[in-house]
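Undergrad: Could you look at this predicted model? Sequence included:
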Amino acid sequence: MEPRNMSTVTEFILLGIPFLYDFHRVFFAVGLFMYLVTILGNGFILIIVAIEPRLQTPMYIFLSNLAFLEICYTSSGVPKLLQTFIQTKTTICFHCCLTQGFFHNCLGSTELFTLTAMAFDRYLAICKPLQYPIMMSKHLCLQMSLATWYAAFVMIFFIYLNIWRLPFCGSNVVNSYFCDLGPLLSLACEDTHFIEPLLLFNAFVIIIMTLLLTILSYIFIIATVLRIPSAVGRKKAFSTCTSHLVVVSILYGALVFMFVRPNIHASNRVTRTVAVLNTTLIPMLNPFIYTIRNAEVKKAIQNVIHKRKRILNGDNDRYNSSRTHTGSRNKMNFRKWWHR
């Protein structure tokens, strides 16, 4: 019986960013700081939505899903990137490499699907405000969130199922900071043309279709907002979409810059630098974009702080009352003993 994989390569070597070798220590410190801020910022969104009832709406459920995605997405690539900054030869085992590439691409695809679902949510909220509470229930919101994970998993799984069967018997040097799909395919000892149609189909659905659906949603949103007679009403309606629109613009702008170019190999350094920023900078900025000008999140934070203060003040009052009562009782006991 023929084995499923004839690879003689047992590990891969990640080059990282060799053209910036002189600045690796600086980039390690900056990258570690950005990674910690990403974890803390997106973790804060998860916590504040979970403990504040007024934020448990479809819009913030999608935002929580996105925050969790950002934590997982950066964790799939940044730790290995940081390792390439402090080690001259960074290795990763064969199966670990394919697993890392699968999760990195799966989580990235899920993020695009989630942003499209958020655009649809904003379309319903602005274009159909009366039907929105009925149409976009929490149950439907959770189903859509799970659907984004399921769709991305299935699409990326079939790609990596074919890659897993490819033999790797030559060079094991991956010209990237993680096990990216393109550099891996270039190392295969077998013709990979049969995978290209599947890659093109997935890229069309995951990138192009999600972008078109998002643009279509915002076309309807803008048309509806422009029909609002009041300037204050227009500003208030569109303010709910500003954060999402900024995130979509930055993310798809980076993707278009990396992939939609006449000659990708001619600008490999710039492309790889943008890819690193896409993995580290955008997930770090998302919590600030969604919270810094969000009045509901600010109110929720104030409510949590006030609740915490009331709890602390209540505990202090009970403690002081207990001390006063205990002190009075001790004084009475002392007087009884003295008079004896």
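TA: Happy to help now that I have it. Numbering: from 1, shown residues only.
Undergrad: which stretches of the stretch 151-300 of the chain have low pLDDT?
TA: The stretch 151-300 of the chain contains residues with pLDDT under 70 at 259-269, 293.
Undergrad: Mind jotting down where the strands sit in the stretch 51-200 of the chain?
TA: Per DSSP state E, counting those that start in this stretch, the stretch 51-200 of the chain carries strands over the ranges 90-93, 173-174.
Undergrad: Just checking: what are the partner strands of the last one?
TA: Using DSSP bridges, the strands paired with strand 173-174 in its sheet are strand 11-14 (parallel).
Undergrad: Among the strands of the stretch 51-200 of the chain, which comes closest to Ile195?
TA: Ile195 lies closest to strand 173-174 among the strands of the stretch 51-200 of the chain, at 17.1 Å (C-beta to C-beta). No exception for glycine: its C-beta is placed from N, CA and C like everyone else's.
Undergrad: what does the closest one contact?
TA: Strand 173-174 is contacted from outside by 12-15, 97, 180, 183-184, 187, using C-beta atoms under 8 Å, 6 or more residues apart in numbering.
Undergrad: Now render the strands of the stretch 51-200 of the chain as JSON lines, adding distance to Ala67 and mean neighbour count.
TA: Shown next, in JSON lines, are those (distance: least, C-beta to C-beta, whole Å; neighbours: other C-beta atoms under 10 Å):
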{"stretch": "strand 90-93", "distance to Ala67": "27", "mean neighbour count": "16"}
{"stretch": "strand 173-174", "distance to Ala67": "30", "mean neighbour count": "18"}
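Undergrad: Tell me which helix or strand the spatially closest residue to Met155 that is not a sequence neighbour sits in.
TA: Spatially, and ignoring its direct neighbours in sequence, Met155 is nearest to Asn202 (5.2 Å; C-beta to C-beta, 6 or more residues apart in numbering). Secondary structure assignment for Asn202, by DSSP states H and E: helix 196-203.
Undergrad: For the nearest residue to Val205 once chain neighbours are set aside, give me its contacts.
TA: Ranked by C-beta to C-beta, 6+ apart and with sequence neighbours excluded, the top spatial neighbour of Val205 is Met155, at 6.9 Å. Applying C-beta under 8 Å, 6+ apart, we find Met155 in contact with 109, 202, 205-206.
Undergrad: Now list the buried members of those residues.
TA: Buried members of the contacts of Met155, scored by 16 or more other C-beta atoms under 10 Å, are 109, 202, 206.
Undergrad: In a strand, the last one, correct?
TA: No: judged by DSSP: H, G, I helix; E, B strand; the rest coil, Ile206 forms no part of a strand; its state is helix.
Undergrad: was I right about it contacting Ser109?
TA: Yes: when contacts are counted by C-beta atoms under 8 Å, Ile206 is listed as touching Ser109 (4.8 Å).
Undergrad: Please enumerate the helices of the stretch 201-340 of the chain.
TA: 210-226, 231-259, 268-291, 295-339 (DSSP state H, counting those that start in this stretch).
Undergrad: Nearest residue to the residue nearest the centre of the chain in space, please, no chain neighbours.
TA: With distances taken as C-alpha atoms, centre = their mean, the residue of the chain nearest its centroid is Glu70 (1.7 Å). Excluding its sequence neighbours, the residue lying closest to Glu70 (C-beta to C-beta, 6+ apart) is Pro283, at 4.0 Å.
Undergrad: In contact with that neighbour, which residues are there?
TA: Pro283 neighbours (C-beta under 8 Å, 6+ apart): 38, 42, 70-71, 73-74.
Undergrad: Now which of the residues you listed would you call buried?
TA: 38, 42, 70-71, 73-74.
Undergrad: Just name the closest of those residues to Phe113, please.
TA: Tyr73 (12.9 Å).
Undergrad: Surely that closest one and Glu111 touch.
TA: Yes: between Tyr73 and Glu111 there is a contact under C-beta under 8 Å: 6.4 Å.
Undergrad: what about the stretch 1-150 of the chain, any weak spots by pLDDT?
TA: The stretch 1-150 of the chain contains residues with pLDDT under 70 at 1-7, 19-20.
Undergrad: how about 50 then?
TA: For the stretch 1-150 of the chain, applying pLDDT under 50 flags the ranges 1-3.
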